[in-house]
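Peer 1: the sequence and its predicted three-dimensional model are supplied below.
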Amino acid sequence: MVVGLAVLELHLPSSRSLKDKRRVVKSLVERLHERHRVSAAETAFHDLHQRAEIGIAAVGVDERQVEKLFSQIRGAADGEVEAMVTRWDFQLLEEGS
């Protein structure tokens, strides 16, 4: 068993309110969950209009599978037109580590 964890930090340049920000973040979190079956949630910067952090976790059978999944997730984040990825921290935790 392998656990993948990622922290995704976003800059939302066109967001002018918390409502604007939450619309973009909520949409991205829901898409990640629906398309990739991962756990994802906004984890920091709740009161800032143009900055967001999303924590993502997934479990897989081997490193290759989890790395491929997180590569697809990173691609989805990079494709978000209303946000720019400013940080991507990814790590793998193996059973027994």
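Peer 2: Received, thanks. Residues are numbered from 1 along each chain as shown.

Peer 1: right, and the helix or strand after the longest helix belonging to the chain?
Peer 2: Counting residues, the longest helix found in the chain (DSSP state H) is helix 18-36. Downstream of helix 18-36, the next assigned helix or strand under DSSP states H and E is strand 39-44.

Peer 1: got the angle between the helix or strand just after that following strand and strand 39-44?
Peer 2: In the C-terminal direction, the helix or strand that comes right after strand 39-44 (DSSP H and E) is strand 51-60. Interaxial angle of strand 51-60 relative to strand 39-44 (axes from the mean of the first three to the mean of the last three C-alpha atoms, to 10 degrees): 150 degrees.

Peer 1: which other helices and strands contact strand 51-60?
Peer 2: strand 2-11, helix 18-36, strand 39-44, helix 63-78 (3 or more C-beta pairs under 8 Å, 6 or more residues apart in numbering; DSSP states H and E). Where you see a C-beta, it was placed from the backbone N, CA and C, and this is true even at glycine.

Peer 1: what about 10 Å?
Peer 2: strand 2-11, helix 18-36, strand 39-44, helix 63-78, strand 84-94 (3 or more C-beta pairs under 10 Å, 6 or more residues apart in numbering; DSSP states H and E).

Peer 1: turn these into a markdown table, columns for mean pLDDT.
Peer 2: Shown next, in a markdown table, are the helices and strands packed on strand 51-60 (pLDDT from 0 to 100):
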| stretch | mean pLDDT |
| --- | --- |
| strand 2-11 | 97 |
| helix 18-36 | 94 |
| strand 39-44 | 96 |
| helix 63-78 | 95 |
| strand 84-94 | 95 |
